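*Asks:* Pasted the sequence and its predicted model underneath.
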Amino acid sequence: MYQLAIFDLDGTLVNSIADLGGTANRLLEQRGLPTHPLDAYYRFVGNGVHKLCERCLPADTQADEVERFFAAFNEDYSRHCLDKTAPYAGIPEVLEQLRSAGVHIAVASNKTQPFVEKIVKHYFGENGFDQILGSSDSRPKKPSPEIISVILENAGMTPEQAVMIGDSNVDIRTAKNAGVHSIGCTWGFRGRDELAEAGADDLAEKPEDLLKFTLM
């Protein structure tokens, strides 16, 4: 049994693609730029909001315009990040069972910290997670292992006691870099093939499978 379960947010705990893509498409449309089908945003997300902005803008966009778009995205998304986002079916029950089993649970996301806190606390309660960590200027984003190191230190645990749960190769690479067990969530944004290719230790087809792999 693992003592610490570390979850990615987008594509793992919640389906947020409609709000992420909706914000980006609104801003693109306002600027007279091509928009994208929502499915395209499954490939744009995963490395933080700034990278999402870079990916959805035309390739020849100047750096200063990327920064203006990034600032506008943060402002718009702050008003709309809860519009259509929702937990995946079964996730709240899984979290409750982990808590009941005494497992320390944490969030490790490349999304900006205020957005991570807002979404997590709205859907899972003020005290639903023991730790909530988003991106920070003080450390590199995943797949750097530093966010995992901070969570481990705060929990007083070793890598061997922890598991990283996520839906993309970024999460699996983060787990490997941190020396923790990895579980890929096939219901998320990237799918089974990417997770298997990245070398996920286990693949969960549905949220309930997380209990089998975490509480074994």
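*Replies:* Yep, that arrived.
*Asks:* From now on I want contacts and neighbour counts done on CA atoms only, so please keep to that.
*Replies:* Will do.
*Asks:* What is the end-to-end distance of stretch 181-193?
*Replies:* Start-to-end span of stretch 181-193 (Cα to Cα, to the nearest Å) is 18 Å.
*Asks:* All the strands of the protein, in order from the start?
*Replies:* Remark: strands assigned in the chain by DSSP state E are 4-7, 14-15, 86-87, 104-112, 131-135, 162-166, 181-185, 202-204.
*Asks:* quick one: which of those is nearest residue 74?
*Replies:* strand 104-112 (9.0 Å; Cα to Cα).
*Asks:* In this protein, where's the longest helix?
*Replies:* Across the chain, the longest stretch assigned as helix under DSSP state H is helix 63-80.
*Asks:* Could you give the average pLDDT over it?
*Replies:* In this model, helix 63-80 has a mean pLDDT of 97.
*Asks:* What helices and strands are in contact with that helix?
*Replies:* helix 17-30, helix 49-56 (3 or more Cα pairs under 8 Å, 6 or more residues apart in numbering; DSSP states H and E).
*Asks:* now do 6 Å
*Replies:* Judged by 3 or more Cα pairs under 6 Å, 6 or more residues apart in numbering; DSSP states H and E, helix 63-80 is in contact with no other helix or strand.
*Asks:* Select, out of the strands of the chain, the one closest to residue 61.
*Replies:* strand 104-112 (22.4 Å).
*Asks:* buried ones in the longest helix of the chain?
*Replies:* For helix 63-80, the neighbour count (16 or more other Cα atoms under 10 Å) marks 66, 69-70, 73-74, 76-77, 80 as buried.
*Asks:* would you turn those into a markdown table with distance to residue 52?
*Replies:* Listed next are the buried residues of helix 63-80 as a markdown table, based on distance: Cα to Cα, whole Å:
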| residue | distance to residue 52 |
| --- | --- |
| 66 | 10 |
| 69 | 11 |
| 70 | 9 |
| 73 | 10 |
| 74 | 11 |
| 76 | 14 |
| 77 | 13 |
| 80 | 16 |
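*Asks:* Could you give the backbone dihedrals for the residue of the chain most remote from its centre?
*Replies:* Distance from the centre of the chain peaks at residue 32, with 29.7 Å (Cα atoms, centre = their mean). Dihedral angles of residue 32 (phi, psi; degrees, to the nearest 10) stand at phi 70, psi 30.
*Asks:* for residue 208, same thing?
*Replies:* On the backbone of residue 208 - angles per degrees, to the nearest 10 - the values are phi -60, psi -30.
*Asks:* Okay, it and residue 215: tell me how far apart.
*Replies:* 11 Å.
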